[in-house]
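Undergrad: Dropping the sequence and predicted coords here.
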Amino acid sequence: MKKVTILGSTGSIGTQALSVIDDNPGLFQIEALTCGRNTELFRRQIERYKPRLACCERREDAAELAWEFPGVSFVSGAEGLEEAAVSDCDILLNALMGMRGLVPTYRAIIAGHDIALANKETLVAGGAVIMNAVEENGVAMLPVDSEHSAIFQCLEGNRDKKIRRILLTASGGPFRDWPAEKLADVTPEMALQHPNWSMGRKITIDSATMMNKGLEMIEAMWLFGVGTDDIQVLIHPQSVVHSGVEFADRSVLTQMGVPDMKIPISVALGYPDRLETKGEALDFFGAASELTFRRPNPRVFRCLDLAVRAARAGGSCPVVLNAANEVLVQAFLDRRIRFTDIADGIERMLDRHERVEEPELEEILEIDGETRRETESSIC
Ligand SMILES: NC(=O)C1=CN([C@@H]2O[C@H](COP(=O)(O)OP(=O)(O)OC[C@H]3O[C@@H](n4cnc5c(N)ncnc54)[C@H](OP(=O)(O)O)[C@@H]3O)[C@@H](O)[C@H]2O)C=CC1
Ligand SMILES: CC(=O)[C@@H](O)[C@H](O)COP(=O)(O)O
Ligand SMILES: [Mn+2]
């Protein structure tokens, strides 16, 4: 049995991971689970999966649940997440949202745990620190993000082969056919209507601005050791081809399937085996009968260009890109700024940032905090 810890078990990825585990009885044992504020769902998860350790964002929630479950050790806050991350397991799934996933992932790697990574912000902000730790500690870094899982699967058995480019597919989100002039009027409700995937709120807004693809480009650079010029972003509205690799001989391998995150989650949790997942199979005479690809419009998707700029500059620039984006997306969801202010605000933060060449973990956390404070004060 694989011992699994899930950071963020109450979220979109976390709940789907537990459903994959349910569909494969006898293969997994839950070691630790963590939640933010959804204690109702967390209570049910603890009852069902009986983790040894559980963590809540707030101390008072952990204290209340500790009364109900005397056999479970409860911890809380950022320190609690770190405790859960180092607690004994075979594989840790990081399904947290945002940069708060970085330190726990780092600690889990140092503790020798294999990582199943959904939390792309970890690699965007701390790619060098994380990948160096992965190498030094000899652990596996298994991508959960659907595109990176696809690329990972295409590279299986081909790791030493020369590649021409990575093909990173994007749905294009709800505004892929919109003119740039209309975007200022976009409301959170409109931006939260993803055409193909049901996901957490932050990543859904990132998909609408295509910052998600920018973050994924940086994630791919760290996971697969490629540069910005080696990655081609393709808008593929059907979300059937989940990404691919073109090799030196111009042969293209892609991974296809229904848009269901249980598939890449199962690839990571089951690796190197293949697990069972329940649901519809890909219909080649239906959803997959017409597959189309096109270039993103840079006037509509300014965030994608900003991510490319930060990726090319490297060093601390992706930290700033990510921190500013997290703050501005939340501000947009809270109706404090317009949709188009997200790109404007990120651009301003990148313009004024003095780049640090190779930031250590502490410096990354400082730059992240400073960027958040500056971005917040630029909104008010
Ligand atoms: N959803 C998807 O299909 C995909 C997601 N990803 C990536 O996976 C990651 C998770 O995304 P998703 O599952 O959609 O996000 P969700 O918002 O659905 O879930 C986030 C999880 O993090 C927890 N959390 C939030 N704030 C805190 C906090 N302050 N302290 C501790 N825990 C906290 C939430 O707890 P609670 O709900 O209890 O408050 C929840 O368990 C992101 O990095 C995303 O980009 C990548 C590919 C696809
Ligand atoms: C499911 C997944 O991996 C998401 O990251 C997805 O890619 C979002 O859709 P977009 O392609 O619209 O960003
Ligand atoms: Mn993705």
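TA: Structure received. Ligands and ions are numbered 1, 2, ... in the order given.
Undergrad: For the rest of this, base every contact and every neighbour count on C-alpha atoms.
TA: Fine.
Undergrad: Flag every residue of this protein that's near ligand 3.
TA: By the criterion of Cα under 5 Å from the ion, the positions of the chain lying close to ligand 3 are 145, 146.
Undergrad: tell me the domain boundaries of the chain?
TA: Using automatic domain parsing, the domain parsing of the chain gives 2-143, 148-259+280-313.
Undergrad: tell me which residues in the helix or strand hosting residue 364 are buried?
TA: If you go by DSSP states H and E, residue 364 is part of helix 361-379. Within helix 361-379, the residues scored as buried using 16 or more other Cα atoms under 10 Å are 361, 364, 365, 367, 368, 369, 371, 372, 375.
Undergrad: again with stretch 34-44
TA: 34, 35, 36, 39, 42.
Undergrad: Spatially nearest residue to residue 361 (excluding sequence neighbours)?
TA: In this structure, residue 361 finds its nearest non-sequential neighbour in residue 129, 6.7 Å apart by Cα to Cα, 6 or more residues apart in numbering.
Undergrad: Next to ligand 2, which bits of this structure? Give me the list.
TA: Residues of the chain lying close to ligand 2 by Cα under 6 Å from any ligand atom are 145, 146, 147, 170, 171, 172, 173, 207, 212, 213.
Undergrad: Of those, which ones also sit close to ligand 1?
TA: 145, 146.
Undergrad: Looking at the residues of the chain next to ligand 2, which are in helices?
TA: Of the positions in the residues of the chain next to ligand 2, 146, 147, 207, 212, 213 sit in helices, assigned by DSSP state H.
Undergrad: Is it possible to get CSV of those residues that adds neighbour count?
TA: Converted to CSV, those look like this (neighbours: other Cα atoms under 10 Å):
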residue, neighbour count
146, 23
147, 26
207, 25
212, 23
213, 26
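Undergrad: Can I get those residues in CSV including pLDDT?
TA: As requested, those are exported to CSV (pLDDT from 0 to 100):
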residue, pLDDT
146, 98
147, 98
207, 98
212, 98
213, 98
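Undergrad: so what's the residue nearest to residue 318 when sequence neighbours are not counted up against?
TA: Among residues not flanking residue 318 along the chain, residue 310 sits closest, at 5.2 Å (Cα to Cα, 6+ apart). Counting by Cα atoms under 8 Å, 6 or more residues apart in numbering, residue 310 makes contact with 317, 318, 321, 350.
Undergrad: tell me the strands in this structure, going along the chain?
TA: 2-7, 28-34, 53-56, 73-76, 91-94, 114-117, 141-143, 163-170, 231-235, 241-247, 252-256 (DSSP state E).
Undergrad: Quickly compare the ones you listed and say which is most buried.
TA: With neighbours defined as mean count of other Cα atoms under 10 Å, those peak in mean count at strand 91-94, which reaches a mean of 28.
Undergrad: Show me which residues of this structure sit near ligand 1.
TA: 8-13, 35-38, 57, 95-98, 118-121, 145-146, 199-201, 203, 261.
Undergrad: how about 5 Å then?
TA: Residues of the chain lying near ligand 1 by Cα under 5 Å from any ligand atom: 8-13, 35-38, 57, 95-97, 118-120, 145, 199-200, 203.
Undergrad: which among the residues you listed end up buried?
TA: The neighbour count (16+ other Cα under 10 Å) marks 8-13, 35-36, 57, 95-97, 118-120, 145, 199, 203 as buried among the residues of the chain next to ligand 1.
Undergrad: which residues in the stretch 101-250 of the chain form helices?
TA: In the stretch 101-250 of the chain, the helices defined using DSSP state H, counting those that start in this stretch lie at 102-110, 121-137, 146-155, 188-191, 201-209, 211-224.
Undergrad: From residue 10, how far out is residue 46?
TA: Separation of residue 46 from residue 10 (Cα to Cα, to the nearest Å) stands at 11 Å.
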